[in-house]
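Trainee: fold the stuff below for me.
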Amino acid sequence: MIRAKGLRFYFELISVVFLVLIFQGCMQSKPKCVVPQGPEPFSRQATFIESTSTGESMVRATGKGCTFNQATLDAKRVAIWYLLYAGDKPILKTPDAKRKAKPIVDEILSNPDLYIRWQSDVKDKRYEGPYVLVTYLFKVDVNALKQKLIDAGVIAPVEQLAEEVGLPTIAVIPEAQKPGIGTAVTVFQEYLQDRDFEVYVPEQNTVVNKIVKKVATLEGNVDPYYAMALQLGSDVYIRVNVDVAEMQEYGKVFKKASVRAVAFETATGKQIGATTGYSPAREVVGIDAIVEEAAHDAADKITSQITKSWIKEARKGRPFKVVVLTTPDEMSQVDEAIYFGVFKKLTHRPIKRTASGKSIAAYVVYIKGVSNAYELFMKMKELYHGPGSLQKVMDAGSFLIIKAGSNPQEIVVE
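Mentor: You can find the predicted model right below:
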């Protein structure tokens, strides 16, 4: 009897020990929930939605944490981190800027609510092991982020860049007169002016000068907007087009707008930017609201592309289109005097002859330290030693037309 009780005690003890070991094993195999220390985001899952205004952007961001509140805070940090470093137009573009920005970014991410202007309800919530992941939409104050970095000396303000290389004047040209195009052009004007660009929008009845037409014909440039941009004197022109599609779902009619924009350097005809902005599909009566949404997206992207390209090129020298008119008899001498006697002294960059006829020649020349075509003309007059003299026919922005030779009154453009 005593022996039976002993055996039972022995088996009960073994069972308890066995259960304790199993429990400890389970506890050890369960992953621990640990989040990184510091203000940098843990998740980094984000998607750009749209530019809601000239100074705000909407981002879909997913945060990760051990608790719901930790994940929410992480989502805010992810949205800001995305606009600073990721996407197709990050605020911090160069390794040097990213290095300088590190302490400022830590400060920004430690107080993300200062830059969040709106937060949606929870769009998604799920679990990955011990972690909770939460998704929101956020409107982030991009202007406030940029100003913080400008004040800290991390990035240069637009005004400083304008003083250094000069911002381009830009013509916004609608490709076709169709519903919604006026709204799209207005949004582009708003974005460009907010970023300190000088903006031209041609009138519908703008007539292109016959000399400008002649130059475009000789160059073989069939783009009808190129000649108009030349005449306006813009450094850059943007072609804007609008399309609206209809679709039926759930017995309702939805409309979705797209706005396409292509930017060209006027003097060279080189494409320096292209993008398409889209609106969400919405149940609307008119189209202006969805066109405006799509135009916000396109204008924000193309402005960033233009600024990046222009600053890169302008630091090497601003491009000018120069058209020289003369008589057939003096064309060879004038051409040589302009090319070698003037341009070779004004620039070390390659000079491109884009067109040549019996009495007309066109050049693209990159010159530093000259802000407009009138200043260029005055420098050319000083350096010119060819037949006769130079007379200015037209100057507009980076576009200059001059007469050269002994008898300027005899010069006729066919």
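
Trainee: give me the below-cutoff pLDDT ranges for the stretch 51-200 of the chain.
Mentor: Within the stretch 51-200 of the chain, the segments meeting pLDDT under 70 span 158-165.

Trainee: show me where it has helices.
Mentor: In the stretch 51-200 of the chain, the helices defined using DSSP state H, counting those that start in this stretch lie at 68-85, 95-110, 142-151, 158-165, 181-194.

Trainee: what's the most buried one of those helices?
Mentor: Neighbour counts (mean count of other C-beta atoms under 10 Å) averaged over each of the helices of the stretch 51-200 of the chain peak at helix 68-85, with a mean of 22. C-beta coordinates here come from the backbone N, C-alpha and C atoms, glycine included.

Trainee: counting contacts, what elements does it pack onto?
Mentor: Helix 68-85 is packed against strand 45-51, strand 56-65, helix 95-110, strand 116-119, strand 131-141, helix 142-151, with contacts defined by 3 or more C-beta pairs under 8 Å, 6 or more residues apart in numbering; DSSP states H and E.

Trainee: how far off strand 56-65 does it point, in degrees?
Mentor: Computed by axes from the mean of the first three to the mean of the last three C-alpha atoms, to 10 degrees, the angle separating helix 68-85 from strand 56-65 equals 140 degrees.

Trainee: just how off-centre is helix 68-85 within its chain?
Mentor: 23 Å (C-alpha atoms, centre = their mean, to the nearest Å).

Trainee: what's the answer for stretch 61-74, then?
Mentor: Computed by C-alpha atoms, centre = their mean, the separation of stretch 61-74 from the middle of its chain amounts to 31 Å.

Trainee: any idea how far apart the tips of that stretch sit?
Mentor: End-to-end distance of stretch 61-74 (C-alpha to C-alpha, to the nearest Å): 9 Å.

Trainee: equivalent analysis for stretch 102-119, please.
Mentor: End-to-end for stretch 102-119, by C-alpha to C-alpha: 26 Å.

Trainee: what's next to that stretch, contact-wise?
Mentor: With contacts defined as C-beta atoms under 8 Å, 6 or more residues apart in numbering, stretch 102-119 is touched by 38-41, 56, 73, 76-77, 79-81, 84, 92, 136-141, 144-145, 148-149, 152, 154.

Trainee: break down the stretch 251-400 of the chain into its helices, ranges please.
Mentor: Under the criterion DSSP H, counting those that start in this stretch, helices of the stretch 251-400 of the chain are mapped to 288-314, 331-336, 344-346, 373-383.

Trainee: got the CA positions of the last one in CSV?
Mentor: What follows is helix 373-383 as a C-alpha-only set of coordinates in CSV (Å, rounded to 0.1, in the frame of the first residue of the first chain):
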residue,chain,number,x,y,z
ALA,A,373,18.7,87.9,-74.7
TYR,A,374,19.1,91.7,-74.5
GLU,A,375,22.2,91.4,-72.4
LEU,A,376,23.5,88.8,-74.9
PHE,A,377,22.9,91.2,-77.8
MET,A,378,24.9,93.9,-76.1
LYS,A,379,27.9,91.5,-75.6
MET,A,380,27.6,90.4,-79.2
LYS,A,381,27.8,94.0,-80.4
GLU,A,382,31.0,94.5,-78.5
LEU,A,383,32.6,91.4,-80.0
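
Trainee: show me what counts as buried in it.
Mentor: Residues of helix 373-383 classed as buried: 373, 376-377, 380 (neighbour count, 16 or more other C-beta atoms under 10 Å).

Trainee: I'd say Arg318 and Val364 touch.
Mentor: No: taking contacts as C-beta atoms under 8 Å, Arg318 lies outside contact range of Val364: 11.0 Å.
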